[in-house]
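Undergrad: Got a sequence here, can you build the structure:
(one chain, ligands or ions: 4)
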Amino acid sequence: MNLYSIAVIPGDGIGIEVVPAAIQVLDTVAEIHGGIRFDWTHFPWGCEYYLQHGTMMPQDGIDTLKSFHQIFLGAVGMPGLVPDHVSLSGLLLKIRRELEQTINVRPAKLLHGMKSPLAAPQDFDILVVRENSEGEYAEVGGRVHRNGEEMAIQSAVFTRKASERAMRYAFTQAAKRRGHVTSATKSNGIAYSMPFWDDVFREVSQLYPDIQAASNHIDALAAFFVMKPHVLDVVVASNLFGDILTDLGGAIMGSIGIAPAANLNVERTYPSMFEPVHGSAPDIAGKGIANPLGQIWTSKLMLDFLGHEDLGEIVLGAMEDTLDDNVKTADLGGTANLKEVTERVIEHVKLRAEKGVSITNRL
Ligand SMILES: NC(=O)c1ccc[n+]([C@@H]2O[C@H](COP(=O)([O-])OP(=O)(O)OC[C@H]3O[C@@H](n4cnc5c(N)ncnc54)[C@H](O)[C@@H]3O)[C@@H](O)[C@H]2O)c1
Ligand SMILES: O=C(O)C[C@@H](O)C(=O)O
Ligand SMILES: [K+]
Ligand SMILES: [Mn+2]
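TA: Ligands and ions are numbered 1, 2, ... in the order given. The predicted model follows:
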């Protein structure tokens, strides 16, 4: 029996609703497999915790997380009660940084049964590799003259090490896919960091002569996501550009509510963290109508990272079966609630397993 100890941080808003849904799916998959089990340990960290304790997580929170295999997180943020820069930097960004989850992997592909808001999309399958440790998110800067003519300075940090690491990861992924990497740049407007990013990209691309490399300015690339997403394979981007492109990726898939993500510690020195692209969605929280598919697809990414790609495939297949049945939440134009979608996904996981779609053959 392979036991995976997972730290669970549902967080805030719909995180508290979608995380248990995905856990149910993972427990079902584990039961069917028979040789793996998940041991879930829940941590009530988030904005409510902050309002009680004055911190988003305990002082030794990071050390606590280090003893787990992986982290499964929902979303962080209650902007009405805690400023976003306080909540995100005290929990989400702190974990990404301190556990050296330097790469954020975010797929955007047209699933069976999904309707894209694009009028006539060709099949697309994009993998965005987002640099996750520095760039525009670096904690360098400050605010001065608070009582007078206030000003703020925030510097972006681009190191060769982190840029190269994200790019190498992107090329490695492209080699397993359609062999194409597009770099998001903005060297026509940002005169130091982006030309540097481009130089590193050129150097790294020379190490992978079989992979086609292209560079596009972020503004044009954003338009490509809408006009011709099918031409893109792997996209490598800085922290901020990757953030923006992946909400757009969710949008062209049909809803940000289905977009998955993985914050990877590629060296596996510390746990990685699996959490969907979307946030805590305060506008729909507590109503049981959030789309659980982003969190469920995210659980597939965790299965993949744990080496159970066959199980991950079943989960994604069961999601597509559910969409094909037209069992959809309101963000997808449907009338089903979170519970109904989750139950249908679980049914399809079981059906796929019964049909022997892959589990037994591949064990
Ligand atoms: N990784 C994270 O934890 C993360 C990511 C993004 C935003 N946030 C935080 O979440 C809060 C809200 O941010 P926001 O409104 O900019 O982004 P958001 O992703 O929470 O919501 C944007 C829109 O998408 C909808 N949506 C998102 N997920 C959905 C789902 N699963 N099902 C159905 N609809 C869904 C919401 O209802 C909303 O209309 C803020 O505090 C923000 O900082 C956290
Ligand atoms: O900016 C961030 O990284 C927070 C959130 O928007 C996300 O995409 O995870
Ligand atoms: K999230
Ligand atoms: Mn985002």
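Undergrad: residue ranges with poor pLDDT in the stretch 201-350 of the chain?
TA: Of all residues in the stretch 201-350 of the chain, none has pLDDT under 70.
Undergrad: Just give the closest residue to the closest residue to ligand 2 within it, not the sequence neighbours.
TA: Residue nearest to ligand 2 within the stretch 201-350 of the chain: Asp243 (4.6 Å; Cβ to the nearest ligand atom). In this view, the C-beta of every residue, glycine as well, is placed from N, C-alpha and C. Once flanking residues are discounted, Asp243 sits nearest to Arg130: 6.7 Å by Cβ to Cβ, 6 or more residues apart in numbering.
Undergrad: roughly how far apart are the residue in the stretch 1-150 of the chain that ligand 3 sits nearest to and Val18?
TA: Residue nearest to ligand 3 within the stretch 1-150 of the chain (Cβ to the ion): Ala75, separated by 4.0 Å. Distance of Ala75 to Val18, computed by Cβ to Cβ, to the nearest Å: 8 Å.
Undergrad: Which neighbouring elements make contact with the longest strand anywhere in the chain?
TA: Criterion DSSP state E: the longest strand present in the chain is strand 2-11. With contacts taken as 3 or more Cβ pairs under 8 Å, 6 or more residues apart in numbering; DSSP states H and E, strand 2-11 sits against helix 15-33, strand 36-42, strand 70-75.
Undergrad: so which of the ones you listed comes closest to ligand 2?
TA: With Cβ to the nearest ligand atom as the criterion, ligand 2 lies closest to strand 70-75 of those, at 8.3 Å.
Undergrad: now that closest one and strand 36-42, what's the angle there?
TA: Interaxial angle, strand 70-75 versus strand 36-42 (axes from the mean of the first three to the mean of the last three Cα atoms, to 10 degrees): 50 degrees.
Undergrad: average pLDDT across strand 70-75?
TA: The average pLDDT within strand 70-75 is 98.
Undergrad: now swap in stretch 108-125 and tell me
TA: 97.
Undergrad: Pull out the buried residues from it.
TA: 108, 110-111, 113-114, 116, 118, 121, 124 (16 or more other Cβ atoms under 10 Å).
Undergrad: same question, stretch 33-47
TA: Buried residues in stretch 33-47, counting neighbours by 16+ other Cβ under 10 Å, are found at 33, 36, 38, 40, 43, 45-47.
Undergrad: what's the answer for stretch 17-27, then?
TA: Neighbour count says stretch 17-27 has 17-26 buried, by 16+ other Cβ under 10 Å.
Undergrad: Show the contacting residues for the residue nearest in space to the middle of the chain.
TA: The centre of the chain sits closest to Ala261, judged by Cα atoms, centre = their mean, with a distance of 1.6 Å. Going by Cβ atoms under 8 Å, 6 or more residues apart in numbering, Ala261 touches 104-106, 246, 274-277, 298, 301.
Undergrad: Next, it: phi, psi?
TA: Phi and psi for Ala261, reported as degrees, to the nearest 10, are phi -160, psi 150.
Undergrad: In three-state terms, how would Thr246 be classified?
TA: For Thr246, the secondary-structure state derived from DSSP: H, G, I helix; E, B strand; the rest coil is helix.
Undergrad: ok, now how distant is the residue nearest to it when sequence neighbours are not counted from Ile346?
TA: By the measure of Cβ to Cβ, 6+ apart, the closest residue to Thr246 outside its immediate chain neighbours is Arg106, 4.3 Å from it. According to Cβ to Cβ, Arg106 stands 25 Å off from Ile346.
Undergrad: out of these two, which sits in the busier spot?
TA: A count of neighbours by other Cβ atoms under 10 Å puts Arg106 above the other of Arg106 and Ile346, at 27 against 19.
Undergrad: With just CA atoms, put the helix or strand that the more buried one is a member of into CSV.
TA: Following DSSP states H and E, one finds Arg106 within strand 103-109. C-alpha atoms of strand 103-109 as CSV (Å, rounded to 0.1, in the frame of the first residue of the first chain):
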residue,chain,number,x,y,z
ILE,A,103,7.4,26.5,-11.7
ASN,A,104,3.6,26.9,-12.1
VAL,A,105,2.2,24.6,-14.8
ARG,A,106,-1.2,25.5,-16.1
PRO,A,107,-2.9,23.7,-19.0
ALA,A,108,-5.5,25.3,-21.2
LYS,A,109,-7.2,22.9,-23.6
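Undergrad: From the chain's centroid, how far away is it?
TA: Relative to its parent chain, strand 103-109 has a centroid offset of 6 Å by Cα atoms, centre = their mean, to the nearest Å.
Undergrad: ditto for stretch 160-173
TA: Relative to its parent chain, stretch 160-173 has a centroid offset of 17 Å by Cα atoms, centre = their mean.
Undergrad: repeat for stretch 115-135
TA: Put simply, stretch 115-135 sits 12 Å off its chain's centre (Cα atoms, centre = their mean).
Undergrad: do stretch 291-304 as well
TA: Centroid separation for stretch 291-304 versus its chain: 9 Å, with Cα atoms, centre = their mean.
Undergrad: can it be found next to ligand 1?
TA: Yes - judged by Cβ under 6 Å from any ligand atom, stretch 291-304 and ligand 1 are in contact via 291, 294.
Undergrad: Kindly format the C-alpha coordinates of that stretch as CSV.
TA: Included here for stretch 291-304 are C-alpha records, laid out as CSV according to Å, rounded to 0.1, in the frame of the first residue of the first chain:
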residue,chain,number,x,y,z
ASN,A,291,-17.7,24.6,-10.5
PRO,A,292,-15.6,21.8,-8.9
LEU,A,293,-14.0,20.8,-12.2
GLY,A,294,-11.0,23.2,-11.8
GLN,A,295,-10.1,21.6,-8.4
ILE,A,296,-10.8,18.1,-9.8
TRP,A,297,-8.6,18.6,-12.9
THR,A,298,-6.0,19.9,-10.4
SER,A,299,-6.2,16.6,-8.6
LYS,A,300,-5.4,14.9,-11.9
LEU,A,301,-2.2,17.0,-12.0
MET,A,302,-1.4,15.8,-8.5
LEU,A,303,-1.9,12.2,-9.6
ASP,A,304,0.3,12.7,-12.6
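Undergrad: Right, I'll leave it there.
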